[in-house]
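Undergrad: okay, here's the prediction I keep looking at, along with the sequence it came from:
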Amino acid sequence: KMWRASTTGWGGGRRVARSMLTTNTITTTTVFSPVATRSVKTKVKKDKTLAVILMQDIDKIGSQGESLSVTKGFARNHLFPKKLAIYATPYNLELMKPLQATLDLQKKQQDDELARAKNKLAKLTVQLRRHVRGQTIAAVTAANVSEKLWKQYKLTIEPALISLPEPVTKLGTHKVQVKFGGHDVPLAILVSAR
């Protein structure tokens, strides 16, 4: 009975021993003087990041084939279940080398194509005709410019990508900026009377 009460009483020896085994602490003895010693508990810091290789482009995270460090929870709960990333092991890094060379070539081709398209867009002039009522004309908005780009040049550019701070209400040539490939490209608009 005595033994039973001591192991099941307020937590007992087993429970305390088990909790001491599962904590991440290291006990060290530090000597401050020849007479006094004391025991200091320090916590072992676990690395909360994980090295991964992205298998697809992810906005605000990185591009395909890029090796980066993310938190373990983000990797396990988001990236791995959706097959967006793999562990960055030496074996996987070796497997990614041929893919990385192909991706670099594709990126270079896309950059060249983007530069040609930007140069072409910068040379264009969109012609808009408006009714004149006295001193004012019907306003030209980004949606009008987008529509005319399609009708005149068969280019599809969303109105949100055309930065027109306020609608154009004067005749003549005006410059607007088009967000194209991460850069602002100037576009000329010629507003004439009908």
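TA: Perfect, I can see it now.
Undergrad: low pLDDT regions in this protein?
TA: Under the criterion pLDDT under 70, the flagged ranges of the chain are 1-45.
Undergrad: can you tell me the SS state at the residue nearest the centre of it?
TA: Geometric centre of the chain, nearest residue: residue 60, 0.6 Å, by C-alpha atoms, centre = their mean. Secondary structure, DSSP: H, G, I helix; E, B strand; the rest coil: residue 60 is coil.
Undergrad: any idea how far residue 85 is from it?
TA: Per C-beta to C-beta, to the nearest Å, residue 60 is found 14 Å from residue 85. Placement of C-beta: from N, CA and C, glycine included.
Undergrad: what do you get for residue 106?
TA: Residue 106 is 20 Å from residue 85, by C-beta to C-beta.
Undergrad: swap in residue 104?
TA: Taking C-beta to C-beta, one finds residue 104 at 19 Å from residue 85.
Undergrad: returning to what we had before: what sits against the residue nearest to the centre of the chain?
TA: By C-beta atoms under 8 Å, 6 or more residues apart in numbering, the contact list for residue 60 is empty.
Undergrad: ok, now residue 172?
TA: With contacts defined as C-beta under 8 Å, 6+ apart, the neighbours of residue 172 are 190, 191.
Undergrad: next, give phi and psi for it.
TA: The phi/psi pair for residue 172 (degrees, to the nearest 10) reads phi 120, psi -170.
Undergrad: likewise for residue 145?
TA: phi -70, psi -40.
Undergrad: also residue 114?
TA: Backbone torsions of residue 114, given as degrees, to the nearest 10, read phi -70, psi -40.
Undergrad: before we move on, what about residue 135?
TA: Dihedral angles of residue 135 (phi, psi; degrees, to the nearest 10) stand at phi -90, psi -10.
Undergrad: quickly note the distance from it to residue 165.
TA: 21 Å.
Undergrad: do I have it right that residue 173 meets residue 192?
TA: No. In this structure, residue 173 is not within contact of residue 192 by C-beta atoms under 8 Å, at 9.6 Å.
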